[in-house]
Structures are given as C-alpha cells and as structure tokens.
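A.B. asks: output the structure for:
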Amino acid sequence: SDLLASLINRAQSINEWELLSMVVMPDHLHALTRLKADKIAIPVRKLKGGFLPVLRNQGIKWQPGFYDHRLRPEDNVGGVLRYMWLNPYRAGLSREGDPWSGWYCSEAAAQWMGSGDIDSPPPEWWQ
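C.D. replies: All right, here's what the predicted structure looks like:
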C-alpha cells in the first residue's frame, strides 16, 4: 500500500542510520539498521514523529517507546533477517510465493540472506 511504501521511504531518508532491512506488520515493524548516530532514539523519534499525522488520520497510534537489540559482529545477521522476513508468513498475512508489500531489503543486507529469491522464503526456512 502507499502507507507502507511511505513508511519505508521515510525510514530510508533518515540520516542517522543506514536502513538495511525492514518489515512492516499491521501492529509493529522490525528494522535492521546500521547506526551513524550515538543513540538509536533520535532516528526512531524521526521515523515515528514523521508519521504521527498520517497514522492519527487512520486511527492508528504508535506504541510508546521501542525495543532495540544491538547485533555484534559475531551475531548471525542472516538469522535475524530470516526472522524478519518470515514474520508476515508466520502470522498468516501472506502465503508462500506471495511477496509481502511491507518488506524492504537493501542490496547490502541481501548478501546475508543466503538465497537469491527475496520474494518467497525457501521451504527449509519455514522450520
């Protein structure tokens, strides 16, 4: 939808991070970013604040605060990306073979995915 595309475009335009991947769900979102700022609160505030008027008009309200998790170099980035990617499929919002419109994956992040097809998860990932 236009709202999903706008949210992803807004996230990409924030200078304090590099957006690597994002999945937008009906009640939350997951984003994998590479921070350029000292604190993640600043870009999160920009993302959420930029969408307040649009969301209010649709009767949607951001939850207060946010949850963050810092990945270290030894962490499995591919596993995090697969978790994000599978979110809409596991929630029953999309079927295998149908791409989820709220999914964004940069070329930099796609290298960690381990599969050439980023539109539909391979069957072994459903385990």
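
A.B. asks: which outside residues touch stretch 27-43?
C.D. replies: 7, 11, 14-23, 63, 66, 68, 71, 77, 80-81, 83-84, 87, 102, 109 (C-beta atoms under 8 Å, 6 or more residues apart in numbering). For glycine as for every other residue, the C-beta is placed from the backbone atoms N, C-alpha and C.

A.B. asks: narrow the residues you listed to just the buried residues.
C.D. replies: 7, 11, 14, 16-17, 19-23, 77, 80-81, 84, 87, 102, 109 (16 or more other C-beta atoms under 10 Å).

A.B. asks: in strands, which of those residues fall?
C.D. replies: Per DSSP state E, strands hold the following members of those: 17, 19-23.

A.B. asks: let me know the closest of those to K46.
C.D. replies: Closest approach to K46 among these (C-beta to C-beta): W17, at 9.5 Å.

A.B. asks: for that closest one, which residues are in contact?
C.D. replies: 33-37, 40, 43.

A.B. asks: tally of neighbours for A37?
C.D. replies: 12 (other C-beta atoms under 10 Å).

A.B. asks: show the pLDDT at it.
C.D. replies: For A37, the model assigns a pLDDT of 81.
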